[in-house]
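> only the shape, not the letters, is given here:
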């Protein structure tokens, strides 16, 4: 069975600082992995996805994530936080091409001025 | 990608009434749509997979007679919450899987409040 664990329900960073949101997954087959962002009262927007190609995945708005099989991790990073990055971030895993997708509990990112 | 809309964006109804939420795929013919619910400050929980022209597949613990799903066309799926109760108050989100890009495209969500 698949599962996703996001470490830290809340992360606070200063504007301009590095953003690191942690995600560990469990899957019995090579997984597809995703990071989504959700702004208040809105749906989810895809930031990036891993589909068994390059292990370092670059997404929108300078976000990137690295797939580390040995650590079963897919942490999300951004070199410099902007105020507009404040939102809820969800890591997700799928083992069937993104059909049945399991979401992590989410991490709320706060950005301080 | 796919552009997905939901209607209404928010709805308030009285306990015991039924509410229908529409999910439309505006630029893609979707054979498969998904319905999720999200409680405040929590993650998305998959409720059911909506299949065009056939019965929806419900996740364990989701009452299919309470949450009626109809996917009558390739661009429209509806979720009807029957005999709604306050505990059904939630944010309902639909998504479309295009089959070619491994990702899902989400609608903006519908906030349901049952009084």
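Yep, that arrived. Model, not experiment: these values are computed from the prediction.
> hmm, who's touching stretch A:44-59?
With CB atoms under 8 Å, 6 or more residues apart in numbering or on different chains as the test, stretch A:44-59 has contacts from A:30-39, A:60-61, A:63-68, A:74, A:76, A:89-90, A:98, B:44, B:93, B:95, B:102-103, B:105-106. Where C-beta positions appear, they are placed from N, C-alpha and C, glycine not excepted.
> again, but for stretch A:72-87
For stretch A:72-87, the surrounding residues in contact (CB under 8 Å, 6+ apart) are A:13-26, A:33, A:35, A:37-40, A:47-48, A:50, A:61-68, A:89, A:91, A:108-111, A:113.
> need the residues of chain A near chain B, please.
A:32, A:34, A:36, A:41-46, A:49, A:51, A:90, A:94, A:97-106, A:108 (CB under 8 Å from any CB of the partner chain).
> and the gap between the residue nearest the centre of chain B and residue B:44?
By CA atoms, centre = their mean, the mean C-alpha position of chain B lies nearest to residue B:35, the distance being 3.6 Å. Separation of residue B:35 from residue B:44 (CB to CB, to the nearest Å) stands at 10 Å.
> so what sits against both of the two?
Common neighbours of residue B:35 and residue B:44 (criterion: CB under 8 Å, 6+ apart): residue B:93.
> for the most centrally placed residue in chain A, give me phi and psi.
Among the residues of chain A, residue A:35 comes closest to the average C-alpha position under CA atoms, centre = their mean, at 3.4 Å. Backbone geometry at residue A:35, expressed as degrees, to the nearest 10, gives phi -120, psi 130.
> I'd say it and residue A:93 touch.
No. The pair residue A:35 / residue A:93 is not scored as a contact, 10.8 Å apart, by CB atoms under 8 Å.
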